[in-house]
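can't give you the sequence, but here's the structure:
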Ligand SMILES: *Cc1c(COP(=O)(O)O)cnc(C)c1O
């Protein structure tokens, strides 16, 4: 693991990512989050930035760790499982942000500290447990395309009730991805409204997981508590 101090002048070899670039991008995003929080009159300490490291190697996670990152996001089960096992000695919080196959649900639960993508009743029963609790979000689909993941907003109240009634699931709040081509701030405002609508059912489920590399500032303005940021910090994902 490189402990080199950030050196803005260092030139990486073509096709590689120098740690200094990573440090610079991380710093830029942290400053961007602080700016957006300031504009919203919010405390940046109330916002958790999750660095989404999907497709990137373990070495990149070790570099992020050396830079102080503790919250990581992954969206593919096998990849996430392997990384979590390899890095088990590091003090990391693993956020699973991808779609979950029912038959893999219990395996995801075994390493994920926070699950952002509960989107159907069958997953609720698969993830429930009498032994241990896991923090979770319900993902809301803001599009008409069911393949994008997330519960249809019409079915949100029923899903909230079943998560609340299931032992082992601690509902933190709602997660969403802004639809392609939509105005992100309007999409995030909609999620905030859904969150207010379920408050009577789930008074503690106030968290909002929304905002990615391109739209995190808009998300902060609409109350995001958990940002899921990939490329703006990691650089482009390697093509596998
Ligand atoms: C990949 C991913 C992100 C991060 O996307 P970037 O545009 O790289 O910031 C956030 N949320 C989910 C669900 C993702 O799959």
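Everything's here; your move. Note that this is a predicted model, so its numbers are computed, not measured.

so residue 83 sits right up against residue 73, yeah?
No - contact between residue 83 and residue 73 fails when scored by Cβ atoms under 8 Å: they sit 11.0 Å apart. C-betas here are computed from N, CA, C, even on glycine.

where do the contact lists of those two overlap?
residue 53 (Cβ atoms under 8 Å, 6 or more residues apart in numbering).

and stretch 64-71 with the ligand, contact?
No - under the criterion of Cβ under 6 Å from any ligand atom, stretch 64-71 makes no contact with the ligand; the nearest approach is 12.4 Å.

quick one, strands of the chain?
Listed in chain order, the strands of the chain (DSSP state E) span residues 48-52, 71-74, 93-96, 114-118, 134-139, 169-175, 207-209, 226-229.

So which elements touch the second one?
In other words, strand 71-74. In terms of contacts (3 or more Cβ pairs under 8 Å, 6 or more residues apart in numbering; DSSP states H and E), strand 71-74 is packed against strand 48-52, helix 77-86, strand 93-96.

Which one of residue 83 and residue 73 is surrounded by more residues?
Residue environment comparison for residue 83 versus residue 73 gives the larger neighbour count to residue 73, 25 against 21, counting by other Cβ atoms under 10 Å.

Of the helices and strands packed on strand 71-74, which is nearest the ligand?
Distances from the ligand to each of these were compared by Cβ to the nearest ligand atom, and the smallest falls on strand 48-52, at 4.0 Å.

pLDDT averaged over the closest one - what is it?
The predicted model gives strand 48-52 an average pLDDT of 98.

what do you get for stretch 70-77?
Stretch 70-77 carries an average pLDDT of 98.

Name the residues that touch that stretch?
For stretch 70-77, using Cβ under 8 Å, 6+ apart, the contacting residues are 48-54, 61, 64, 80, 83, 91-101, 104, 107-108, 116, 228, 230.

filter the residues you listed to the buried ones?
Applying a neighbour-count criterion of 16 or more other Cβ atoms under 10 Å, the buried members of those are 48-54, 61, 64, 80, 83, 92, 94-100, 108, 116, 228, 230.

any idea of the pLDDT on the residue in the chain that the ligand sits nearest to?
Nearest residue of the chain to the ligand (Cβ to the nearest ligand atom) works out as residue 230 at 2.5 Å. The pLDDT attached to residue 230 in the predicted structure is 98.

list the contacts for it?
Each residue near residue 230 by Cβ under 8 Å, 6+ apart is listed here: 51, 52, 53, 54, 73, 212, 213, 237.

show me which of these neighbour the ligand.
Under the cut-off given by Cβ under 6 Å from any ligand atom, the ligand has 52, 54, 212, 213 from the contacts of residue 230 close to it.

can I get those in TSV with distance to residue 206?
Formatted as TSV, those follow (distance: Cβ to Cβ, whole Å):
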residue	distance to residue 206
52	23
54	27
212	21
213	24
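
Could you export the contacts of residue 230 to TSV, including columns for distance to residue 131?
As requested, the contacts of residue 230 are arranged in TSV below (distance: Cβ to Cβ, whole Å):
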residue	distance to residue 131
51	30
52	29
53	29
54	29
73	25
212	33
213	37
237	36
